[in-house]
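Novice: from the sequence below, what's the structure:
(2 chains)
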Amino acid sequence: MTTTPPPPQGFATQTTGEAPGGAPPGRKDARGRFRRRTADAKARLSSPWASGIAIVIAILWTIPTLGLFITSFRPSGDIRADGWWNVLRTPRFTLDNYRDALAGSTNMTEYFVNSIAITLPAVVIPISIALLAAYAFAWIEFPGRNTLFVAVFALQIVPIQITMIPLLSQYNTWGLAGSFWAVWLSHSIFALPLAIFLLHNFMKDIPPSLIEAARVDGAGHVKIFFKVLLPLLVPAIAAFAIFQFLWVWNDLLVALVFAGGPDVRPLTVFIAELAGTRGQTWHLLSAGAFISMVIPVIVFLSLQRYFVRGLLAGSVKG
Amino acid sequence: MEFLDNTRAWLAYLWAPVSTWLLRPDGAGHKFLLMAVAIILFVVVMGLILLMVDRGRRLPTWVVTLAFVGPAVAFLGFGLVYPAVRTIYASFFNRNGQEFIGLDNYVRAFTQSEFQIVLRNTALWVILVPLVATLIGLVYAVVVDRTRFERVAKTLVFLPMSISMVGAGIIWRFMYEFRQEGATQTGLLNQVLVWLGLQPKQFLMDTPENTFFLIAVMVWIQAGFAMTILAAAIRAIPDDIVEAARLDGLTGIRMFRYITVPSIRPALVVVLTTIAMATLKVFDIVRTMTAGNYQTSVVANEFYTQSFRARDAGFGASLAVILFILVIPIVIYNVRQMRLAEEIR
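Specialist: Predicted structure coming up:
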């Protein structure tokens, strides 16, 4: 999402997806087909065109990152002298760039702390609010429920830009401007429509008989919520949490507008500023960029399955 | 009276350190502590709401509903609906919000030549990024589907989605890096040009093609998203359809054209519209790479520049409203296509 795009908003396609690279369908009747399709794929890939296309795209998508990654480990003199592809000719590597970026005059450590301090509450707060709302939309009958739900769903399309200036002056009146609170609140607000929508969809998928059975046993809303629903919702919550984590960690606009001074500003703001003012200090920029990428890439790679499931749920369910 | 004043003074006196602690943390430890406080605060408040609902066994439904939906509605009303209305209102006023000027801000956005360039760029972005990213994602999904390297191959293309657009902007600025002719090039693309015997190029400064080089960055980010959704859709195509087509002698490109693409049409629509909406609001890339200079600005970037740099609140508001208006047709198209898909089924 900032990167992470605002996740998909449509409903209803007939896809029921597997994660990319996910396990083959394990059902027995599917196995024969799977083998056949695999054979097809092999036949397809043996066609030189197809494999050529795949390799070209894969290279194009990897080289830019790889180049900057290699650069971030080269001495700054070498970086200025020639391109990173010469690294085989002059294989000198150093961690100085990272040390300079983290501890030197740029002091990225503080921004790193800010990024963490911004991101975690901005993930937890909207989830806790959205869980309650989604439960009500899914399992409590009340007048105007559908209208209200459609309204919440529709709010997803409101560009956050349109809210910024009034929100900022509101925070000013309350004395929150520039603090972590302003950033947390803003991120939470912007995340709510999607969070409610996604969690509601997952809750709707839980068989009503389960809820009914609990009700017959005399369980109230709270008991149903914690004992029946929450355990089943863990994958959905994880999917949205990863989404929101990547979105907040990678966000620039909200941070620029609502985070005051260097006390609050996250890594993205710092790097954007560095690029603006000292755009040729590639040893700092490259190391800084990768410092800011480390956490989202780890989160992404280790939790990719949940992330993909969330993507598919957002675009595929309804 | 005196008692009241005294109490108020005491409260203010006691509150001051608390509010400083809450608003101005210094040092990493303090920040993490504050972070924990914020998380616990919200979770506890939500827990209390639940507890209260549970205590009053015979509470009327509306109280229960309010307890569950209330916080979300309050957040959205205060944070999205009300500010949006205020912004729409502000867009009819001048730069400091004092004087009503009707549609002048909008007239300015559509007639002044520098803003016409902004609108033209935005149109280029919104048309090109979804089409190219989806095309690449689709082709890639088809060629790597069920191959031995599928997992790695997909992760490689998907990975740019996890990094920030700021990071992507830096990565590509380095690719586009320019040095005078004759000097050693440090940007890969210019080195390639030199190897080919061509002149090095100022990728980010030469108008008008520099916009396309910025667009390439967004394509690079979004193709992985398109690939993931479309790969799942392709897998879900029923086997009998594929089988029947094969019996009819369809293979390769024609299979792709007549079976694969029509079967995943709904997913294609979702991908195209989702990327279009994300692209419309793109800001980070332009800001990191050119800051909107050299005629590369887009509406979202111009909104930021006008609102927070030029301090023209009225004009900034009108640009935000334009952004909003531009999203609407995309959403309508999306919903229409969904309806169609449901009817067919």
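
Novice: may I ask you to confirm that residue B:39 is in contact with residue A:120?
Specialist: Yes. If you go by CB atoms under 8 Å, residue B:39 and residue A:120 touch, sitting 6.6 Å apart. All C-beta atoms are positioned from the backbone trio N, CA, C, and that covers glycine.

Novice: so where's the chain shaky on pLDDT?
Specialist: No chain was given, so I picked chain A. For chain A, the stretches with pLDDT under 70 are A:1-46, A:313-318.

Novice: nope, chain B
Specialist: B:1, B:56-57, B:344-345.

Novice: quick one, domains of it?
Specialist: Per automatic domain parsing, the domain ranges recorded for chain B read B:2-90, B:108-344.

Novice: pick the most buried one from those.
Specialist: A comparison of the domains of chain B by mean neighbour count, using mean count of other CB atoms under 10 Å in any protein chain shown, puts domain B:108-344 on top with a mean of 20.

Novice: is it true that residue B:162 touches residue A:296?
Specialist: Yes. At 4.9 Å, residue B:162 counts as touching residue A:296 under the criterion of CB under 8 Å.

Novice: quick check: neighbours shared by these two?
Specialist: residue A:246 (CB atoms under 8 Å, 6 or more residues apart in numbering or on different chains).

Novice: the closest residue to chain A within the stretch 201-345 of chain B in helix, strand or coil?
Specialist: The minimum distance from the stretch 201-345 of chain B to chain A, using CB to the nearest CB, falls at residue B:232 (2.8 Å). With DSSP: H, G, I helix; E, B strand; the rest coil as the basis, residue B:232 sits in helix.

Novice: any idea how far residue B:264 is from it?
Specialist: 9 Å (CB to CB, to the nearest Å).

Novice: same question for residue B:276.
Specialist: 18 Å.

Novice: one more: residue B:185?
Specialist: 42 Å.

Novice: can I get the domains of chain B in TSV including distance to residue A:239?
Specialist: Formatted as TSV, the domains of chain B follow (distance: least, CB to CB, whole Å):
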stretch	distance to residue A:239
domain B:2-90	19
domain B:108-344	13
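
Novice: what's the closest of these to residue A:307?
Specialist: Of all the domains of chain B, domain B:108-344 sits nearest to residue A:307, with 8.3 Å by CB to CB.

Novice: the closest one: how far from the chain's middle?
Specialist: 11 Å (CA atoms, centre = their mean, to the nearest Å).

Novice: tell me who's in contact with residue 260.
Specialist: No chain in the question, so chain A it is. Contacts of residue A:260 (CB under 8 Å, 6+ apart): A:177-179.

Novice: was after chain B, sorry
Specialist: Counting by CB under 8 Å, 6+ apart, residue B:260 makes contact with B:142, B:234, B:237.

Novice: keep these, but drop any that are not near chain A.
Specialist: residue B:142 (CB under 8 Å from any CB of the partner chain).

Novice: so which of the contacts of residue B:260 comes closest to residue B:192?
Specialist: Of all these, the one sitting nearest residue B:192 is residue B:142; the distance, using CB to CB, is 27.9 Å.

Novice: counting by contacts, list what the helix or strand containing that closest one packs against.
Specialist: Assigned by DSSP states H and E, residue B:142 belongs to helix B:113-144. Contacts defined by 3 or more CB pairs under 8 Å, 6 or more residues apart in numbering or on different chains; DSSP states H and E place helix B:113-144 against helix A:28-46, helix A:48-71, helix B:104-111, helix B:150-158, helix B:210-235, helix B:265-280, helix B:299-304.

Novice: so the longest one versus helix B:265-280, what angle?
Specialist: In this structure, helix B:210-235 runs at an angle of 150 degrees to helix B:265-280, with axes from the mean of the first three to the mean of the last three CA atoms, to 10 degrees as the basis.

Novice: so residue B:227 sits right up against residue B:135, yeah?
Specialist: No. With contact defined as CB under 8 Å, residue B:227 and residue B:135 do not form a contacting pair (10.8 Å).

Novice: quick one: contacts for the closest residue to residue B:284 other than its chain neighbours?
Specialist: Spatial nearest neighbour of residue B:284, excluding adjacent residues (CB to CB, 6 or more residues apart in numbering or on different chains): residue B:165 at 3.6 Å. For residue B:165, the contacting residues are A:2-3, A:250, A:252, B:217, B:221, B:282, B:284-285, B:288, by CB under 8 Å, 6+ apart.

Novice: give me the subset of those lying in helices.
Specialist: Using DSSP state H, the members of the contacts of residue B:165 that fall in helices are A:250, B:217, B:221, B:284-285, B:288.

Novice: what's the farthest-apart pair in the residues you listed?
Specialist: A:250 and B:217 (14.1 Å).

Novice: just the element for the residue lying closest to residue B:273 once chain neighbours are set aside, please.
Specialist: On the basis of CB to CB, 6+ apart, the spatially nearest residue to residue B:273 that is not a chain neighbour turns out to be residue B:334, at 4.2 Å. Under DSSP H and E, the secondary-structure element containing residue B:334 is helix B:313-344.

Novice: and if you look at residue A:257?
Specialist: If you go by DSSP H and E, residue A:257 is part of helix A:253-258.

Novice: helix or strand right after that helix?
Specialist: Next element after helix A:253-258 (DSSP H and E): helix A:267-277.
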